[in-house]
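> Let's see this in three dimensions:
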Amino acid sequence: MIGKQIRDLRLAAGLTQIELSHVLGFHSQGTVSMWERNERSPDIETIVPLADALRCTLDQLLRGC
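Next up is the predicted model:
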């Protein structure tokens with residue numbers, strides 16, 4: 001699931017949920033938390049900035065490659 005991938009990549013990048021949220025322009029960590037719990041998925045406009053913030057490729061983010 002993408003939630004686990006986001007969490008693993010975030011931790012590997014040394015970012016907290018709030019730090020990642022701020023990099024992406026969100027005001028709180030709620031959105032990142034919902035992604036990591038698989039309650040929501042990032043929208044298409046957020047995928048590339050998310051991969052950039054996590055310092056990974058889109059394949060790594062979406063497929064775990």
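> Mind picking out the helix or strand in the chain with the poorest mean pLDDT?
Least confident helix or strand of the chain, by mean pLDDT, DSSP states H and E, is helix 58-63 with a mean of 92.
> could I have it exported to PDB, CA atoms only?
In PDB, the C-alpha atoms belonging to helix 58-63 read as follows (Å, rounded to 0.1, in the frame of the first residue of the first chain):
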ATOM      1  CA  LEU A  58       7.900   8.000  -8.900                       C
ATOM      2  CA  ASP A  59       8.500   4.300  -9.300                       C
ATOM      3  CA  GLN A  60       9.900   4.100  -5.800                       C
ATOM      4  CA  LEU A  61       6.900   6.000  -4.400                       C
ATOM      5  CA  LEU A  62       4.200   4.200  -6.300                       C
ATOM      6  CA  ARG A  63       5.600   0.700  -6.700                       C
END
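> quick one: buried residues of that helix?
The neighbour-count criterion (16 or more other Cβ atoms under 10 Å) identifies Q60, L61 as the buried residues of helix 58-63. (Glycine included, C-beta is placed from N, CA and C.)
> what helices or strands is that helix leaning on?
Packed against helix 58-63 by the contact rule (3 or more Cβ pairs under 8 Å, 6 or more residues apart in numbering; DSSP states H and E) you find helix 2-12, helix 44-53.
> contacting residues around the shortest one?
Put plainly, it is helix 44-53. Contacts to helix 44-53, defined as Cβ atoms under 8 Å, 6 or more residues apart in numbering, come from residues I6, A13, L15, L20, V23, L24, P42, T57, L58, Q60, L61, L62.
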